[in-house]
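S.K.: Model the structure of this input:
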Amino acid sequence: MGTPTEPRGASPGELMTGVHMRAVVFEEHGDQSVLQVKDLPAPEPGPGEVLVLVEASGVNFMDVYQRTGMYQVDLPFTLGSEGAGTVLRFGDGVEGLSPGDRVAWTGVPGSHAEQAVVPADRLVPVPEEISTEQAAAAILQGLTAHYLTHDSYAVRAGDTVLVHAAAGGMGRLLTRIVTHLGGRVVATASTEEKRHIARADGAVRAVAYSDAVAAVREVSDGAAVVYDGVGKDTFDLSLEALRPRGTLVLFGAASGKVPPFDPLRLMQGSYSLTRPTLVHFIAARHELLERAGTLFGWITDGVVDVAVTKRHPLDGARDAYTELEGRRTTGKLLIIP
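M.R.: Coordinates of the predicted model:
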């Protein structure tokens, strides 16, 4: 947070925010039990920053990686890396925003809170056709799905694409987008109920993880790309499912880190392996806005359906992450401050 300055935007007595706010924090790394809801001093926006009333915040594995120490953060830490809400006020140097504007953001810590301070250049305006909850549910995973399908590997019509954990929030977006781009999705999911969801989203095959390679071979000579957010448990079969010169996009580690491996394994099919992360694909503001514009257009046009399956209050954060990490979800979980 920047140096406090005289905030602009709200007149005296308007949009009062008080001197304290509630937030989900952890002071040590560990499981869901380390999460606490605490009263913190209400933040103030500095130069180039915006104070936002948080109306919804997404629950993501990125937050899990931070809480467990897989991703290093300074402690104590306020959880939550994406959200949407309403502009309250802002510091010097902020142009083009007014109190009451609806905005969304991702990659900014501290979103599981009643208020958040966000750099103005990280905010995306939410169009009228999109609800605040839809924006909060889609912004991180939707932008991720965009760069995965356009940059990490540019999906082309006719490509066979293997999507792991296809009934989760990320998997459902990928399945819809790949299908929209003309690809054929072979989906994996842990239960028949989840596999039914994947088929409804457009997958041409939806199978148990153990059957993934066989299912890919039924429809092609191998996957052009595998989108793998599971990690340790699926890495070997992801490589096995690839066609020659195929690409494995490892974008998460829901089952744990992939152990070190011999790069000579990639030589078996001249495979490509990449481990991207969203921050490098939205670092430039024009790129952030372009990807968000495409994403919101997909939502408006019905290309993707943002499925919010459950909403938790701040006090329910432990339950939300227990559900996420237990793979008991079939869509997006939100924290509603």
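
S.K.: Check which helix or strand residue 299 maps to.
M.R.: For residue 299, the enclosing helix or strand under DSSP states H and E is helix 285-301.

S.K.: chain center to that helix: distance?
M.R.: 14 Å (C-alpha atoms, centre = their mean, to the nearest Å).

S.K.: quick one: buried residues of that helix?
M.R.: 288, 291-292, 295-296, 298-299 (16 or more other C-beta atoms under 10 Å). In short, each C-beta sits where N, CA and C put it, glycine included.

S.K.: ok, of the residues you listed, which one's closest to residue 273?
M.R.: When the buried residues of helix 285-301 are compared for distance to residue 273 (C-beta to C-beta), residue 291 wins out at 23.4 Å.

S.K.: so can I have a markdown table of the buried residues of helix 285-301 showing distance to residue 333 and pLDDT?
M.R.: Compiled in a markdown table, the buried residues of helix 285-301 are given as follows (distance: C-beta to C-beta, whole Å; pLDDT from 0 to 100):
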| residue | distance to residue 333 | pLDDT |
| --- | --- | --- |
| 288 | 24 | 98 |
| 291 | 23 | 98 |
| 292 | 21 | 98 |
| 295 | 19 | 98 |
| 296 | 21 | 97 |
| 298 | 21 | 97 |
| 299 | 18 | 96 |
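
S.K.: Show me the strands in the stretch 101-250 of the chain, by range?
M.R.: With strands called from DSSP state E, counting those that start in this stretch, the stretch 101-250 of the chain shows them at 102-106, 115-119, 124-125, 160-163, 184-188, 205-207, 223-228, 242-250.

S.K.: Would you mind checking the average pLDDT for the fifth one?
M.R.: By that I understand strand 184-188. Average pLDDT, strand 184-188: 98.

S.K.: The first one now?
M.R.: Per-residue pLDDT values across strand 102-106 average out to 98.

S.K.: Could you list every helix and strand in contact with it?
M.R.: Secondary structure elements in contact with strand 102-106, counted by 3 or more C-beta pairs under 8 Å, 6 or more residues apart in numbering; DSSP states H and E, are strand 49-58, strand 82-90, strand 115-119, strand 124-125, helix 132-147.

S.K.: so which of the ones you listed gets nearest residue 317?
M.R.: Of all these, it is strand 49-58 that lies closest to residue 317, at 9.6 Å by C-beta to C-beta.

S.K.: TSV please, covering the helices and strands packed on strand 102-106 and showing mean pLDDT, mean neighbour count and distance to residue 209.
M.R.: Supplementary listing: the helices and strands packed on strand 102-106 in TSV, determined by pLDDT from 0 to 100; neighbours: other C-beta atoms under 10 Å; distance: least, C-beta to C-beta, whole Å:
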stretch	mean pLDDT	mean neighbour count	distance to residue 209
strand 49-58	98	26	25
strand 82-90	97	25	28
strand 115-119	97	23	37
strand 124-125	98	20	35
helix 132-147	96	25	21
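
S.K.: Would you mind giving these as JSON lines with distance to residue 169 added?
M.R.: Formatted as JSON lines, those follow (distance: least, C-beta to C-beta, whole Å):
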{"stretch": "strand 49-58", "distance to residue 169": "8"}
{"stretch": "strand 82-90", "distance to residue 169": "11"}
{"stretch": "strand 115-119", "distance to residue 169": "21"}
{"stretch": "strand 124-125", "distance to residue 169": "18"}
{"stretch": "helix 132-147", "distance to residue 169": "5"}
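
S.K.: For residue 325, which of the ones you listed is the nearest?
M.R.: strand 49-58 (14.9 Å).

S.K.: Now do the closest one: distance to the chain's middle.
M.R.: The chain centre lies 16 Å from the centre of strand 49-58; the measure is C-alpha atoms, centre = their mean.

S.K.: Repeat that for stretch 244-262.
M.R.: Computed by C-alpha atoms, centre = their mean, the separation of stretch 244-262 from the middle of its chain amounts to 18 Å.

S.K.: what mean pLDDT does that stretch have?
M.R.: Throughout stretch 244-262, pLDDT has a mean value of 95.

S.K.: now the end-to-end length of that stretch.
M.R.: Its start and end residues considered, stretch 244-262 measures 18 Å (C-alpha to C-alpha, to the nearest Å).

S.K.: Which residues does that stretch contact?
M.R.: By C-beta atoms under 8 Å, 6 or more residues apart in numbering, the list of residues contacting stretch 244-262 from outside reads 61, 65, 70, 144, 148, 152-153, 165, 170, 222-235, 238-239, 242, 269-277, 325, 327.

S.K.: repeat that for 7 Å
M.R.: Counting by C-beta atoms under 7 Å, 6 or more residues apart in numbering, the neighbours of stretch 244-262 from elsewhere in the structure are 61, 144, 148, 152-153, 165, 222-233, 235, 238-239, 242, 269-276.
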